[in-house]
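K.L.:
Need coordinates for the below:
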Amino acid sequence: MKPIKNALLKSPACYVAACLCAISANVAAQTEPKTSTPAPAAADAEKSGPTFSSKLLLTGGVTNIEGSAGGGLTPWAIIGGNGTKEQIGGSVFYTQARANDYTLNVAGAMVGLFDRVELSYAEQKFDTREVGGALGLGNGYKFTQKIYGAKVRVAGDAVLEQDSWLPQIAVGLQHKENDRGDLLRALGIKSDRGTDYYVSATKLFLNSSILVNGTVRLTKANQTGILGFGTNTKDKYKAYAEGSVAYLLRKDLAIGAEFRQKPDNLGFKENNWYDVFVAYAPTKNISVTLAYVDLGNIVIKEKQKAPYLSVQIGF
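P.N.:
Take a look at the predicted model:
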């Protein structure tokens with residue numbers, strides 16, 4: 001046990017993730033629905049016993065650019081994968097957003113444990129294209145960022161508790177590691193790694209076919225961590241708001257919009273992000289998301305807008 005303990009102490013993000021998983025069993029005993037009336041379709045799934053996939057289509061969300069279940073820009077309180085509270089689910093995904101002057105490619109995977117705990121991994125590759133040459137870095141200069149995520153549902157059930165106003169609530173973290181530490185520090189950026197902490201609340205109104213999510217994130221990240229974390233003069237965590245609204249046109253098709261507030265540590269006028277999206281799930285195991293994202297200013301290039309495509313395969 002001592003080597004395991006020492007390894008956890010050396011990595012704060014791993015330690016926190018372990019703590020989240022450890023408390024989830026105690027939380028589960030206090031927060032499972034007791035008297036609420038489940039949605040009919042969800043109730044049928046529960047009565048049928050364990051299966052390969054029992055969640056309603058699209059109620060597990062898609063995968064955001066940092067690997068967590070939710071919308072494209074922000075995590076939701078739902079747990080990823082198609083498993084219910086008696087199952088283990090998971091997914092893999094690939095996302096590309098090609099803006100006017102930059103390209104972001106993301107791939108990753110997640111596992112959902114008993115609709116209570118979510119563990120995820122994503123790898124981002126940010127291509128500066130010709131901007132890299134203009135900055136003296138070389139055309140096609142890339143930043144790679146690895147993201148390790150953990151999320152725990154602590155209250156509510158977005159699907160089953162339809163007669164309660166309590167949303168599903170989850171706490172989570174995303175630990176990020178950037179591969180361009182030497183360059184970032186030369187630019188006055190404090191660190192090439194950091195951890196975001198967040199709380200999300202998600203409410204699904206099945207009768208109205210509307211999903212609403214709100215997230216508060218504690219972060220020091222510059223451009224979500226692609227340009228490191230903090231600066232030599234600005235290195236404190238601050239809270240930022242994120243939100244999503246989705247409307248289910250039918251059980252396999254949703255439209256929506258998102259907002260993500262962002263820090264401006266570098267003085268490059270880092271703007272908030274917005275998107276509108278369409279998500280389609282032809283089967284329980286496949287979903288495709290198309291979006292149009294307004295990224296604002298990124299370093300020396302303004303008015304960056306990007307079509308966004310994400311494909312997810314779940315189980």
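
K.L.:
going forward, measure contacts and count neighbours with C-alpha atoms only.
P.N.:
Will do.

K.L.:
how long is stretch 72-84 from one end to the other?
P.N.:
One end of stretch 72-84 to the other measures 22 Å (CA to CA, to the nearest Å).

K.L.:
same thing with stretch 246-258?
P.N.:
Note: stretch 246-258 ends 9 Å apart using CA to CA.

K.L.:
residues of it that come out buried?
P.N.:
Neighbour-count burial for stretch 246-258, counted by 16 or more other CA atoms under 10 Å, picks out 246-248, 252-258.

K.L.:
And for stretch 308-315?
P.N.:
Across stretch 308-315, burial judged by 16+ other CA under 10 Å covers 308-315.

K.L.:
Tabulate the CA atom coordinates of it in CSV.
P.N.:
Output of stretch 308-315 as CSV, limited to C-alpha atoms (Å, rounded to 0.1, in the frame of the first residue of the first chain):
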residue,chain,number,x,y,z
TYR,A,308,-17.2,21.4,-35.5
LEU,A,309,-17.7,17.6,-36.1
SER,A,310,-17.7,15.0,-33.3
VAL,A,311,-18.4,11.2,-33.6
GLN,A,312,-19.0,9.1,-30.5
ILE,A,313,-19.3,5.3,-30.2
GLY,A,314,-20.7,4.2,-26.9
PHE,A,315,-21.7,1.0,-25.1
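
K.L.:
Residues in contact with it: which ones?
P.N.:
Contacts with stretch 308-315, where a contact means CA atoms under 8 Å, 6 or more residues apart in numbering, come from 52-53, 62-63, 81-83, 89-98, 284-293.

K.L.:
List only buried entries from the residues you listed.
P.N.:
Neighbour-count burial (16+ other CA under 10 Å) is assigned, among these, to 53, 62-63, 81-83, 89-98, 284-293.

K.L.:
packing partners for the strand or helix carrying residue 295?
P.N.:
Assigned by DSSP states H and E, residue 295 falls within strand 286-298. If contacts are counted by 3 or more CA pairs under 8 Å, 6 or more residues apart in numbering; DSSP states H and E, strand 286-298 sits against strand 273-283, strand 301-314.

K.L.:
related to what we said a few turns ago, identify the farthest-apart pair in the buried residues of stretch 246-258.
P.N.:
Farthest-apart pair in these is 252 and 258; separation 19.4 Å (CA to CA).

K.L.:
Would you confirm that residue 57 contacts residue 279?
P.N.:
No - if you go by CA atoms under 8 Å, residue 57 and residue 279 don't touch, sitting 10.7 Å apart.

K.L.:
Name the residue in these two with the higher neighbour count.
P.N.:
In this view residue 57 and residue 279 are compared by other CA atoms under 10 Å, and residue 279 has more residues nearby, 24 against 21.

K.L.:
Now for that one: which residues touch it?
P.N.:
Residues near residue 279 by CA under 8 Å, 6+ apart: 253-255, 287-290.

K.L.:
ok, of these, which one's closest to residue 147?
P.N.:
Proximity of the contacts of residue 279 to residue 147 was ranked by CA to CA; the top entry is residue 289 with 20.9 Å.

K.L.:
The closest one and residue 255: what is the separation?
P.N.:
Using CA to CA, residue 289 is found at 10 Å from residue 255.
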